[in-house]
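Enquirer: give me coordinates for this.
(chains A and B)
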Amino acid sequence: MRLLERGARRTLTAIDAAANRLYGWALNPIHQTGTVAVAMLLVLIVTGLYLLLYYRLGSPSASVARIAADPWLGGWVRSLHRYASDVFVIAAALHMLRMFAQARSWGPRTLAWVSGLVLFGSGLVCAWTGFVMAWDSFGERLAREGGRLLDVVPIFSEPLSRIFAGDGPVPSAFFFVNLFIHIALPLAMGAVLWLHVSRLARPTLLPPKPVTWGITVALTAAAVVWPAALGDPANPFRLAAETPTDLVVAWWLPLSERVTPGTAWGVGLALSLAALGVPWWARRPRRERWAPSVVDSRLCTGCNQCPQDCPWEAITMVARDDDRPTLVARVDPGRCVSCGICAGSCAPMGVGPPGRTGRDQLVALREQVLPRLAEADRTPVVAVCCAQAPASHVAALRARGAHVHAVSCVGNLHSAVIERFLKAGAPGVIVCGCPPRDCASREGPKWLHERTFNEREAELQPRVDRQRVRLATLAAGDLRGSVAAFDAFARDLALLERPVRESDEDLDAVCEPVPLGEVAS
Amino acid sequence: MRAPASPARWLLAGTATAGALLLITRASAVPLPLNAGDSARLRLSWSARPERIEVCRTVSAEELEHLEEHMRQRVECDGRFATYSLRVEADGRRIEETVVRGAGLRHDRPIFLLRDFELPPGSHRVRVTFTRRERTDDDAAAFAPVVSATGDTGIYAGRAEREGVEHARRARAAIPARLVLDTLLTFAPHRVTIVTFHPERRALELLGEPGTR
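Expert: Numbers count the residues shown, from 1 in each chain, chains lettered A, B, ... in the order given. Reported below is the predicted structural model:
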């Protein structure tokens, strides 16, 4: 499974890199495939409502042919409907690949993974019924294959395949049921989508407007220039030599047609179970897992910041069991993914994953990092890099003389660490995160920016010179951009006076265990 | 952020987007082979009730006395559903020989038949026989209707006659014991000729694309 994960990660990085080079990381649609899928669902609903007005159950193929022949609206709306379904499937598949590659498919994310698979499967079934609605040669082919597969399942009183045999007209009831499924499934998908994001605080449902409109306009242009194919009307007395097949949504068809229905069901079920089992296959052994955050109730002031910042709604404020008049944070380990963002949000450093609280970060700094920096004649620029950052970019920063300090996520970084580096004589600190839409912790870069420049708790203290702090994004495929950002920062720092090292006595005080009672007062 | 800024970058991004769109539109309509070659097809498709082969007896007045009035069925039948032998020949060569039963675990549901046979285009002598496998000496006499029953009065008046009518209706609805279609057919490439059972004419008949036969 790890091998698969590594392979998926390599594939994804290559795709990301190519898209970053083309569009820049802010507009990279591959970083927001989940939201692109939702946007396509909306396009499908809007165009589908229009098509529904002109679709006739009594003459499906003729009505669709009439829609397709309308050069003003119907033709391109139908094509847009088709292409949006293709992009939905591609985006959903890439979204799954990303979640799998980034090990975001298990633990508290199990519900999202399973519901995501249900959404993906529902999308495929919905597309299937949509093609059958058109009742052209491809729709007939799909219907026949569906009948062949369903006839081995003993749930229908009469074999479905006989509906399409040709000894009688295909009953309107069939097209009605097909249409019903085609409409009801997206409604059900809305409910599953709610479940899909139910564990997220502030779920992002749509891509940035330029991406949403960019994709929609591009697909519309494609629909106008290259209208979607429509096969000959279905005819039980004619054998189509070939059908215009949509291999994006019906990729399984050529495989399924080659085997017996039993084998097709067996393989399909095995693959579905394997995919549904990913949260169990892919999860790390307990010893390798990052533990969920914990709260030191002695330090918690009840400020309510960590529940606001937690992207997973894993933290709630509850009544204390001592006599202090405030609430205390409580972490639900079943929801916590150990992203560590709460550690960066806590001014008194009382919450965070074990070993990664603000206090732990300062201890590590004092014991492992600062002594090494002190040995240098001139303290180098510090680059705080997300552990997910591309290795080549980190190596490039190191080659340019930066001292690289890794963190699990830039949202986990406590602002006191930045200040401490500067006090230790570093001319500047550049914090390098992932592209915001590709943050495995969802909101790391966003909260880091707010804490650094907009006084969000736990803010970087006003006494820190902001000219010496910069935030940057390391995006796969954009090494030049990463290096340019660092060089620009180094150039700006060169214009400033060399900082002097300050004493770190107060650091010792912060890092010492907190005696009970002192904090409470 | 390094958004596409220079004209060259915009051009590259635009070209890549157009390429991706072209790929999607092409993948959306791949001409996938379905029926290779020029062959035609003979399709057998029908659904019909299998015949019920049963032995019936008239229930005696003494036996009826022991039953509640609404359960006094004059004739009791016991039996099973017939099975059929399907044989298809093209130009004297057997291309299918199989046993056909009613659907369902007890084979008491209608027969749903759907068989496709590939044939080269051209003229072929096609013979389809569908024959009941079980032998009965006298099908019609198996059921002995009771013409009248003096005990049936009030709301039960005419019950015995109704039993007989219903039984006869079911017997008529069943597929005949033997069906044969023997004909010379011309098959055009990529065309389907359907052999089906016409329930009112109670015979096998041919269906083809309107205007082509």
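
Enquirer: for the least confident helix or strand in chain B by mean pLDDT, packing partners?
Expert: When the helices and strands of chain B are scored by mean pLDDT, DSSP states H and E, helix B:159-173 comes last with a mean of 80. In this structure, helix B:159-173 packs against strand B:75-81, with contacts taken as 3 or more Cβ pairs under 8 Å, 6 or more residues apart in numbering or on different chains; DSSP states H and E. To be clear about C-beta, it is placed using only N, CA and C from the backbone, and glycine gets the same treatment.

Enquirer: after the strand it packs on, which helix or strand is next?
Expert: Downstream of strand B:75-81, the next assigned helix or strand under DSSP states H and E is strand B:84-90.

Enquirer: so who does A:His414 touch?
Expert: A:Ala343, A:Gly344, A:Cys346, A:Met349, A:Gly358, A:Gln361, A:Leu362, A:Ala458 (Cβ atoms under 8 Å, 6 or more residues apart in numbering or on different chains).

Enquirer: closest to chain B among the residues you listed?
Expert: For the contacts of A:His414, the closest approach to chain B (Cβ to the nearest Cβ) belongs to A:Gly344, at 22.4 Å.

Enquirer: hang on, the closest one in a strand?
Expert: No - using DSSP: H, G, I helix; E, B strand; the rest coil, the secondary structure at A:Gly344 is helix, not a strand.

Enquirer: how many residues are close by it?
Expert: Using other Cβ atoms under 10 Å in any protein chain shown, A:Gly344 has 35 neighbouring residues.

Enquirer: contacting residues for it?
Expert: By Cβ under 8 Å, 6+ apart, the residues touching A:Gly344 are A:Asp309, A:Gly358, A:Gly411, A:Asn412, A:Leu413, A:His414, A:Ser415, A:Trp447, A:Leu448, A:Arg451, A:Ala458.

Enquirer: among these, name the ones in helices.
Expert: Secondary structure from DSSP state H places A:Asp309, A:Gly358, A:Ser415, A:Trp447, A:Leu448, A:Arg451 of the contacts of A:Gly344 in helices.

Enquirer: now pLDDT and neighbour count too, for these, in TSV please.
Expert: Below are those laid out as TSV (pLDDT from 0 to 100; neighbours: other Cβ atoms under 10 Å in any protein chain shown):
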residue	pLDDT	neighbour count
A:Asp309	97	23
A:Gly358	95	28
A:Ser415	96	23
A:Trp447	97	27
A:Leu448	97	29
A:Arg451	97	23
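
Enquirer: and these as a markdown table, adding distance to chain B?
Expert: Putting the ones in helices among the contacts of A:Gly344 into a markdown table (distance: Cβ to the nearest Cβ, whole Å) gives the following:
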| residue | distance to chain B |
| --- | --- |
| A:Asp309 | 24 |
| A:Gly358 | 29 |
| A:Ser415 | 23 |
| A:Trp447 | 18 |
| A:Leu448 | 15 |
| A:Arg451 | 20 |
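
Enquirer: and these, which is closest to A:Arg238?
Expert: A:Trp447 (62.6 Å; Cβ to Cβ).

Enquirer: could you pull up the contacting residues of that closest one?
Expert: Going by Cβ under 8 Å, 6+ apart, A:Trp447 touches A:Asp309, A:Ile341, A:Gly344, A:Ser345, A:Gly411, A:Arg456.

Enquirer: A:Arg104 too?
Expert: By Cβ under 8 Å, 6+ apart, the contact set of A:Arg104 is A:Arg98, A:Val337, A:Ala440.

Enquirer: that one and A:Leu200, how far apart?
Expert: 12 Å (Cβ to Cβ, to the nearest Å).

Enquirer: same deal with A:Ser482?
Expert: 29 Å.

Enquirer: quick one, which of the two is more surrounded?
Expert: Between A:Ser482 and A:Leu200, counted using other Cβ under 10 Å, the more crowded position is A:Ser482 (26 against 16).

Enquirer: secondary structure class for that one?
Expert: Following three-state DSSP, the label given to A:Ser482 is helix.

Enquirer: quick check, it in contact with A:Ala476.
Expert: No - the criterion here is Cβ atoms under 8 Å, and A:Ser482 misses it with A:Ala476 at 9.9 Å.

Enquirer: for the nearest residue to A:Arg56 once chain neighbours are set aside, what are its contacts?
Expert: Spatial nearest neighbour of A:Arg56, excluding adjacent residues (Cβ to Cβ, 6 or more residues apart in numbering or on different chains): A:Ser63 at 3.9 Å. For A:Ser63, the contacting residues are A:Tyr54, A:Tyr55, A:Arg56, by Cβ under 8 Å, 6+ apart.

Enquirer: who does the one helix or strand A:Leu269 maps to touch, helix- and strand-wise?
Expert: In this structure, A:Leu269 sits in helix A:261-276 according to DSSP H and E. Applying 3+ Cβ pairs under 8 Å, 6+ apart, we find helix A:261-276 packed against helix A:110-134, helix A:137-150, helix A:253-257.

Enquirer: list the contacts of the last one.
Expert: Read it as helix A:253-257. By Cβ under 8 Å, 6+ apart, the list of residues contacting helix A:253-257 reads A:Arg141, A:Leu142, A:Glu145, A:Leu149, A:Thr245, A:Leu247, A:Ala264, A:Val267, A:Gly268, B:Leu32.

Enquirer: what do you get for the second one?
Expert: With Cβ under 8 Å, 6+ apart as the contact definition, helix A:137-150 has outside contacts at A:61, A:128, A:131-133, A:156, A:159-161, A:163-164, A:231-236, A:240, A:243-246, A:250, A:253, A:256-257, A:261, A:264-265, B:34.

Enquirer: so which strand or helix has residue 193?
Expert: Just so you know, I chose chain A. In this structure, A:Leu193 sits in helix A:172-196 according to DSSP H and E.

Enquirer: let me rephrase: I mean chain B.
Expert: Element membership of B:Thr193, judged by DSSP H and E, is strand B:192-198.

Enquirer: any low-confidence regions in the chain?
Expert: Went with chain A since none was named. Within chain A, the ranges that satisfy pLDDT under 70 run A:503-521.

Enquirer: sorry, I should have been clearer: chain B.
Expert: Those would be B:1-5, B:136-153, B:210-213, if you go by pLDDT under 70 across chain B.

Enquirer: I'd like the helices and strands packed on helix A:261-276 written out as JSON lines, with distance to A:Ala319 added.
Expert: As requested, the helices and strands packed on helix A:261-276 are exported to JSON lines (distance: least, Cβ to Cβ, whole Å):
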{"stretch": "helix A:110-134", "distance to A:Ala319": "28"}
{"stretch": "helix A:137-150", "distance to A:Ala319": "56"}
{"stretch": "helix A:253-257", "distance to A:Ala319": "58"}
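
Enquirer: which residue ranges of the chain form strands?
Expert: Went with chain A since none was named. In chain A, the strands defined using DSSP state E lie at A:242-245, A:294-295, A:315-319, A:327-331, A:351-352, A:382-386, A:403-407, A:429-433, A:469-473.

Enquirer: look at chain B instead
Expert: For chain B, the strands defined by DSSP E cover B:30-33, B:40-48, B:52-58, B:75-81, B:84-90, B:93-100, B:111-119, B:122-132, B:178-187, B:192-198, B:203-207.

Enquirer: could you dump the ones you listed into JSON lines with mean neighbour count and distance to A:Val469 added?
Expert: Compiled in JSON lines, the strands of chain B are given as follows (neighbours: other Cβ atoms under 10 Å in any protein chain shown; distance: least, Cβ to Cβ, whole Å):
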{"stretch": "strand B:30-33", "mean neighbour count": "14", "distance to A:Val469": "53"}
{"stretch": "strand B:40-48", "mean neighbour count": "22", "distance to A:Val469": "75"}
{"stretch": "strand B:52-58", "mean neighbour count": "15", "distance to A:Val469": "90"}
{"stretch": "strand B:75-81", "mean neighbour count": "14", "distance to A:Val469": "86"}
{"stretch": "strand B:84-90", "mean neighbour count": "18", "distance to A:Val469": "84"}
{"stretch": "strand B:93-100", "mean neighbour count": "12", "distance to A:Val469": "82"}
{"stretch": "strand B:111-119", "mean neighbour count": "18", "distance to A:Val469": "74"}
{"stretch": "strand B:122-132", "mean neighbour count": "17", "distance to A:Val469": "85"}
{"stretch": "strand B:178-187", "mean neighbour count": "15", "distance to A:Val469": "82"}
{"stretch": "strand B:192-198", "mean neighbour count": "21", "distance to A:Val469": "75"}
{"stretch": "strand B:203-207", "mean neighbour count": "16", "distance to A:Val469": "81"}
